[in-house]
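> give me coordinates for this.
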Amino acid sequence: MSTSSQYQIIAADASHFNGIMQLIRSPEELFLIHPGGTWPFDNAQLQQLSQERSDFTVVMDQDVIIGFANLYKNLSGDKHFIGNVVVSGVYRGQGVGRRLICHMCDIIFDRYASEVHISVFNFNAPALLLYASLGFKPYDLERRRMPNGDFSALIHMRLYRRAW
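Predicted coordinates for the structure are as follows:
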């Protein structure tokens, strides 16, 4: 494992798909990252996502993909979201997610909008705490059914450029 300063954040393309798929290790993790996905997550689903979303981005540790995220707009097209955020389990807690989220925020602020949105499930405490530490604030809550039939809360958060 390299130090975080050696991680590289780059635009992703189809050549990265196998590495991205390897980041998602279970149906539960897939639900956290992509609730509309079906297990096992496969190349066809990732290809579909690449047509629906923009700015596919990976974090690399030399030639190994250790993180992934992308951007999308809500249905009305007036909000820009960071989506499908995942960091390899081996690299969690080392600042990779923070660097990736900051990079994605910079893309939105530089190219698209003056506010960034992100959604996270209530039981994903590490992600909630990360987003809050970056200045994201909750603004809405959506009831979602989990794969086991229980309900959870999807928390929508936003960050304004002026707070960045």
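> please work out which helix or strand belonging to this protein has the smallest mean pLDDT.
helix 27-33 (a mean of 95; mean pLDDT, DSSP states H and E).
> export the following helix or strand past that helix as CSV, just CAs?
Note on helix 27-33: by DSSP states H and E, the next helix or strand toward the C-terminus is helix 43-52. C-alpha atoms of helix 43-52 as CSV (Å, rounded to 0.1, in the frame of the first residue of the first chain):
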residue,chain,number,x,y,z
ASN,A,43,-20.2,-5.1,-16.7
ALA,A,44,-23.7,-4.6,-18.3
GLN,A,45,-24.9,-2.7,-15.3
LEU,A,46,-21.8,-0.6,-15.1
GLN,A,47,-22.0,0.1,-18.8
GLN,A,48,-25.6,1.3,-18.3
LEU,A,49,-24.5,3.6,-15.5
SER,A,50,-21.9,5.0,-17.7
GLN,A,51,-24.6,6.1,-20.2
GLU,A,52,-26.8,7.6,-17.5
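> which neighbouring elements make contact with helix 43-52?
Counting contacts by 3 or more C-beta pairs under 8 Å, 6 or more residues apart in numbering; DSSP states H and E, helix 43-52 packs against helix 17-23. In this view, the C-beta of every residue, glycine as well, is placed from N, C-alpha and C.
> show me how far the helix it packs on is from its chain's centre.
Relative to its chain's centre, helix 17-23 lies at 14 Å (C-alpha atoms, centre = their mean, to the nearest Å).
> where is the longest helix in the protein?
helix 96-111 (DSSP state H).
> quick one: contacts for the one residue sitting closest to the centre of the chain?
Among the residues of the chain, the one closest to the centroid is residue 85, at 1.8 Å (C-alpha atoms, centre = their mean). Residues near residue 85 by C-beta atoms under 8 Å, 6 or more residues apart in numbering: 33, 67-69, 97, 100-101, 104, 118, 127.
> one more time with 10 Å, if that's ok
The contact partners of residue 85, taken as C-beta atoms under 10 Å, 6 or more residues apart in numbering, are 32-34, 57, 67-70, 97, 100-101, 104, 118-120, 127, 130-131.
> can you check residue 160 too?
For residue 160, the contact set (C-beta under 10 Å, 6+ apart) comprises 109, 113-116, 135-137.
> ditto for residue 115
Residue 115 neighbours (C-beta under 10 Å, 6+ apart): 79-80, 105, 108-109, 158-164.
> apply 8 Å and report the result again.
Residue 115 makes contacts with 79-80, 158-161, as judged by C-beta under 8 Å, 6+ apart.
> follow-up on the earlier one: then the least confident helix or strand of the chain to PDB, C-alphas only?
Taking C-alpha atoms only, helix 27-33 is exported to PDB below (Å, rounded to 0.1, in the frame of the first residue of the first chain):
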ATOM      1  CA  PRO A  27     -25.100  -7.500  -2.100                       C
ATOM      2  CA  GLU A  28     -25.300  -5.300   1.000                       C
ATOM      3  CA  GLU A  29     -22.400  -3.100  -0.200                       C
ATOM      4  CA  LEU A  30     -24.000  -2.900  -3.600                       C
ATOM      5  CA  PHE A  31     -27.200  -1.600  -2.000                       C
ATOM      6  CA  LEU A  32     -25.300   1.100  -0.200                       C
ATOM      7  CA  ILE A  33     -23.500   2.200  -3.400                       C
END
